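[1] structure for the following, please:
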Amino acid sequence: MTSFTVGRGEQADVRLNHDTISRLHLRVTLVSPGAYLVEDLGSANGTWLLRDERRFPLTAERLGARDLLLLGDYSIELAQLLDAYQQSAQPARPTPDADSNTRDPFSRYIRSEDGRYVRKPK
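    The predicted structure follows:
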């Protein structure tokens, strides 16, 4: 992975279907192991870094995988976007007993009360 885009539109590498996310919302670029450049692509509702219960506007910032982002009204950890990209880059290998939801990049996540996506308990 060198870089990938996130957005609501079909041209995005990682698609997130949410009204406040632009068709092409942001780009994530690997700059060094564990460090990523996150760039807002002129989104209508902005990209924000959430830290210490505060939000900071983000145009281009070097971040780590555990940083929490707000895309419009949609919060997600950068690691979840990285996981979704990795899963979308690999060909799906369906198993005979797999239901259709397991092919969705976010099927392992549920939305918590505060709006973040977290891993489903096993």
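[2] most centrally placed residue in this protein?
    The chain has Leu81 as the residue nearest its centroid, 3.0 Å off, counting by CA atoms, centre = their mean.
[3] verify the stated contact: that one with Arg15.
    No. Using CB atoms under 8 Å, Leu81 makes no contact with Arg15, being 11.0 Å away. For every residue, glycine as well, the C-beta is placed using N, CA and C.
[4] the host helix or strand of the residue nearest to the centre of the chain - what's its average pLDDT?
    Per DSSP states H and E: Leu81 is located in helix 78-89. For helix 78-89, mean pLDDT is 92.
[5] do stretch 2-17 as well
    96.
[6] now the end-to-end length of that stretch.
    24 Å (CA to CA, to the nearest Å).
[7] in that stretch, what's buried?
    Applying a neighbour-count criterion of 16 or more other CB atoms under 10 Å, the buried positions in stretch 2-17 are 4-8, 12-16.
[8] now that stretch, how far from the centre of its chain.
    Remark: stretch 2-17 is offset 9 Å from the chain centroid, using CA atoms, centre = their mean, to the nearest Å.
[9] got a list of contacts for that stretch?
    18, 21-30, 41, 43, 71, 74, 76, 81, 84-85, 88, 105 (CB atoms under 8 Å, 6 or more residues apart in numbering).
[10] any stretches of the chain with poor pLDDT?
    Along the chain, the model assigns pLDDT under 70 to residues 1, 90-122.
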